[in-house]
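Asker: Everything below, folded, please.
(2 chains)
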Number of protein chains: 2
Amino acid sequence: MSGRPSGWVQVAGLGPGDEALVTPQVQAALAEATDIIGYIPYVRRVPDRAGLTKHESDNRVELERATHALSLAARGARVVVVSSGDPGVFAMASALFEALEAGPVGWRDLDIRILPGITAMLAASARIGAPMGHDFCAINLSDNLKPWTVIETRLRLAARAGFSMGFYNPRSASRPHQFGQALAILREELPASVPVSFARNVSRPDERIVTVPLGQAQAEMADMRTVVIVGTAETRQVGRFYYTPRSLAQER
Amino acid sequence: MSGRPSGWVQVAGLGPGDEALVTPQVQAALAEATDIIGYIPYVRRVPDRAGLTKHESDNRVELERATHALSLAARGARVVVVSSGDPGVFAMASALFEALEAGPVGWRDLDIRILPGITAMLAASARIGAPMGHDFCAINLSDNLKPWTVIETRLRLAARAGFSMGFYNPRSASRPHQFGQALAILREELPASVPVSFARNVSRPDERIVTVPLGQAQAEMADMRTVVIVGTAETRQVGRFYYTPRSLAQER
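Answerer: Down below sits the predicted model:
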């Protein structure tokens, strides 16, 4: 015996909501788990069964949740931390490694795996057409964890780079005005015709996707359940779809 | 009868290689298809069965392939265009809409769907830890479809924005020197300590992932089967993992 604990932690991406978007790899992890840890609505997506303990926690306690997962695994539990979308995209994977770094050195020998999932930005893109069909970026618009000035700079640089953009957490009740500022910056940097899509509850029964030109985009079109997709000056409409061509002929 | 053809086209993301990363949604589409169209190695991943016709095509004929798919669907076929990774990320979705725009207007009434998949950048990130745990971008380093100067500008802007970066098609036999130029630009813009991961054949049995500091990154570490992940000045190592923290305290 090596003394290495038999427990493990897998941080699993449940995708945007539709069970048909959960990978078999994630399903297998859920089937082998002794403990499920995560934000309440994600934990509730996992069916109850004998031998499975579910630990629901509220939003904004990512680090405590990650520490809990690692401490259970260190005692031999098989723990799945459930995350929406892809755990590596503005979700639980980074929090797990922050907790790992802050915790006992012995935790670093644990069997830890991140299981990718379909992230909301790419699920929304698929429904819209192919707005991220050229180079793109993803920005978390919440300033809970970084200064708003950094977000403003990133928006300008991304627009000048010609990236399509996916915005997570565009707007919440506690910061209703910042997304309007973000749109104002984009209007300074991009043509008013650039399509902006507001994709709410992608892949769920109440999915709603609205696309408008940047010049008509309003902050009120987004909330915390919305991912916002901004095209480029090259993004085109064909039928009901929007796509960014693979080619870029001219110098920028 | 509305006259709308009963055929359809679904552009399906097969993920990076491991069958456990193929979504049930994609599996269902493959099971219902009459025709599979795509690049040879992706078509060969789909098992033969009665009633299924497989159309293999070589690389770099994306537009012809997309036109073929739409024309078959217009005649009533149920066509799956198979794509690696996510079809919306440097893959077949944009090509399909380009073909749709160039083709007969009647094609725009076809039932067309894009089925998302696990893209190589995010599969690689999951294996590395959480290098895309903060804002990030994805850049196709091939200059087959855009001027190299645009790529250079995007690399500089992305570095100044503080994005983690994922590079697709970093290097090929026909353009062996450009990736070295890309690394030189990054070395001008970022600390030499920033981790750079070379992830080849992610999720396949012969997966190989090597992470080195930017100062030691060599162009020869990449080929066309490699996705390259570049962290930020904040990316940290803990045990065998690399992750970019969710928080950014300082102004940039």
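
Asker: Could you check how many residues crowd around the residue nearest to A:Tyr42 when sequence neighbours are not counted?
Answerer: Leaving aside its sequence neighbours, A:Tyr42 sits nearest to A:Val82 (CB to CB, 6 or more residues apart in numbering or on different chains; 4.3 Å). Where C-beta positions appear, they are placed from N, C-alpha and C, glycine not excepted. Residue neighbour count, defined by other CB atoms under 10 Å in any protein chain shown, stands at 28 for A:Val82.

Asker: tell me the SS of A:Val82?
Answerer: strand (DSSP: H, G, I helix; E, B strand; the rest coil).

Asker: and if you look at A:Arg127?
Answerer: Assignment for A:Arg127 (three-state DSSP): helix.

Asker: do A:Arg108 as well
Answerer: Strictly by three-state DSSP, A:Arg108 counts as helix.

Asker: Which pLDDT value belongs to the residue lying closest to it once chain neighbours are set aside?
Answerer: Distance criterion CB to CB, 6+ apart; nearest residue to A:Arg108, sequence neighbours excluded, is B:Gly239 at 3.6 Å. Note for B:Gly239: predicted pLDDT of 96.

Asker: Output the below-cut-off pLDDT ranges for chain A.
Answerer: A:1-5, A:250-252 (pLDDT under 70).

Asker: just so I have it, where are all the helices in it?
Answerer: Taking DSSP state H as the criterion, chain A contains helices spanning A:24-32, A:40-43, A:62-74, A:92-102, A:120-128, A:148-161, A:178-189.

Asker: Just put the ones you listed in TSV and tack on mean neighbour count and distance to A:Cys137.
Answerer: Shown next, in TSV, are the helices of chain A (neighbours: other CB atoms under 10 Å in any protein chain shown; distance: least, CB to CB, whole Å):
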stretch	mean neighbour count	distance to A:Cys137
helix A:24-32	17	26
helix A:40-43	16	25
helix A:62-74	20	23
helix A:92-102	25	17
helix A:120-128	28	10
helix A:148-161	20	5
helix A:178-189	17	13
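
Asker: will you turn the ones you listed into JSON lines that also has distance to B:Ala99?
Answerer: Formatted as JSON lines, the helices of chain A follow (distance: least, CB to CB, whole Å):
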{"stretch": "helix A:24-32", "distance to B:Ala99": "31"}
{"stretch": "helix A:40-43", "distance to B:Ala99": "38"}
{"stretch": "helix A:62-74", "distance to B:Ala99": "43"}
{"stretch": "helix A:92-102", "distance to B:Ala99": "37"}
{"stretch": "helix A:120-128", "distance to B:Ala99": "17"}
{"stretch": "helix A:148-161", "distance to B:Ala99": "27"}
{"stretch": "helix A:178-189", "distance to B:Ala99": "30"}
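
Asker: Figure out which of those helices is closest to A:Ile209.
Answerer: With CB to CB as the criterion, A:Ile209 lies closest to helix A:120-128 of these, at 5.7 Å.

Asker: what's the closest one packed up against?
Answerer: strand A:164-168, strand A:195-200, strand A:208-213, strand A:226-230, strand B:111-115 (3 or more CB pairs under 8 Å, 6 or more residues apart in numbering or on different chains; DSSP states H and E).

Asker: Quick one: residues in contact with it.
Answerer: Helix A:120-128 has contacts (CB atoms under 8 Å, 6 or more residues apart in numbering or on different chains) with A:15-16, A:21, A:84-85, A:89, A:131-132, A:138, A:166, A:168, A:197, A:199, A:202-203, A:207, A:209, A:211, A:227, A:229, A:241-242, B:86-89, B:93, B:113-116, B:119.

Asker: Got a ChimeraX select line for the buried ones in these?
Answerer: With 16 or more other CB atoms under 10 Å in any protein chain shown as the criterion, this ChimeraX line picks the buried residues out of the contacts of helix A:120-128:
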select /A:15,16,21,84,85,89,131,132,138,166,168,197,199,202,203,207,209,211,227,229,241,242 /B:86,87,88,89,93,114,115,116,119
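
Asker: rewinding a little: who is the residue nearest to A:Tyr42 paired with across the strands?
Answerer: Beta-bridge partners recorded for A:Val82 (DSSP bridges): A:Ala12, A:Gly38.

Asker: pretty sure it is touching A:Arg45, no?
Answerer: Yes. Using CB atoms under 8 Å, A:Val82 makes contact with A:Arg45 at a distance of 7.2 Å.

Asker: any shared contact partners between the two?
Answerer: In contact with both A:Val82 and A:Arg45: A:Leu14, using CB under 8 Å, 6+ apart.

Asker: do you know how far A:Ala31 is from chain B?
Answerer: From A:Ala31 across to chain B, the span is 12 Å (CB to the nearest CB, to the nearest Å).

Asker: what's the answer for A:Arg171, then?
Answerer: Applying CB to the nearest CB to A:Arg171 and chain B gives a distance of 17 Å.

Asker: Now do the contacts for that residue.
Answerer: Per CB under 8 Å, 6+ apart, neighbours of A:Arg171: A:Leu141, A:Gln178, A:Phe179, A:Ala219, A:Ala222, A:Asp223, A:Met224, A:Thr226.

Asker: Out of the residues you listed, which are close to chain B?
Answerer: Among the contacts of A:Arg171, none lies close to chain B by the criterion of CB under 8 Å from any CB of the partner chain.

Asker: Return the two entries of those residues that lie farthest from one another.
Answerer: Longest span within the contacts of A:Arg171, CB to CB: A:Gln178 and A:Thr226, 14.1 Å.

Asker: can you pull the contacts of the residue nearest to A:Arg108?
Answerer: Per CB under 8 Å, 6+ apart, neighbours of B:Gly239: A:Leu100, A:Arg108, A:Asp109.

Asker: Go through these and say which is closest to chain B.
Answerer: A:Arg108 (3.6 Å; CB to the nearest CB).

Asker: ok, the closest one - contacts?
Answerer: A:Leu100, B:Val238, B:Gly239, B:Arg240.

Asker: what do you get for A:Arg175?
Answerer: A:Arg175 touches A:Ser142, A:Asp143, counting by CB under 8 Å, 6+ apart.

Asker: Run through the bridge partners of it.
Answerer: In beta-bridge terms (that is, DSSP bridges), A:Arg175 pairs with A:Ser172.

Asker: How much space separates it from B:Pro245?
Answerer: Distance, A:Arg175 to B:Pro245, using CB to CB, to the nearest Å: 21 Å.

Asker: same check, this time on A:Ala50
Answerer: 38 Å.

Asker: One more: A:Pro41?
Answerer: From A:Pro41 to B:Pro245 the distance is 25 Å (CB to CB).

Asker: now do A:Asn144
Answerer: Taking CB to CB, one finds A:Asn144 at 13 Å from B:Pro245.

Asker: neighbour-wise, which of these two wins?
Answerer: Neighbours were counted for A:Asn144 and for B:Pro245 using other CB under 10 Å; B:Pro245 has more, 19 against 12.

Asker: so that one touches B:Ala233, yeah?
Answerer: No. B:Pro245 is beyond contact range of B:Ala233, at 11.1 Å (criterion: CB under 8 Å).

Asker: how far away is the residue nearest to A:Tyr42 from A:Glu220?
Answerer: Counting by CB to CB - A:Val82 and A:Glu220 are separated by 31 Å.

Asker: Kindly report the same for A:Leu63.
Answerer: Relative to A:Glu220, and taking CB to CB, A:Leu63 is found at 32 Å.

Asker: likewise A:Arg246?
Answerer: Relative to A:Glu220, and taking CB to CB, A:Arg246 is found at 34 Å.

Asker: between these two, which one's more packed in?
Answerer: In terms of neighbours (other CB under 10 Å), A:Arg246 is the more surrounded of A:Arg246 and A:Glu220; the figures are 24 against 11.

Asker: ok, that one to chain B distance?
Answerer: The value you get for A:Arg246 to chain B, if CB to the nearest CB is used, is 5 Å.

Asker: what residues are up against that residue?
Answerer: A:Gly133, A:His134, B:Glu62, B:Phe90, B:Ser94, B:Ala95, B:Glu98, B:Leu145.
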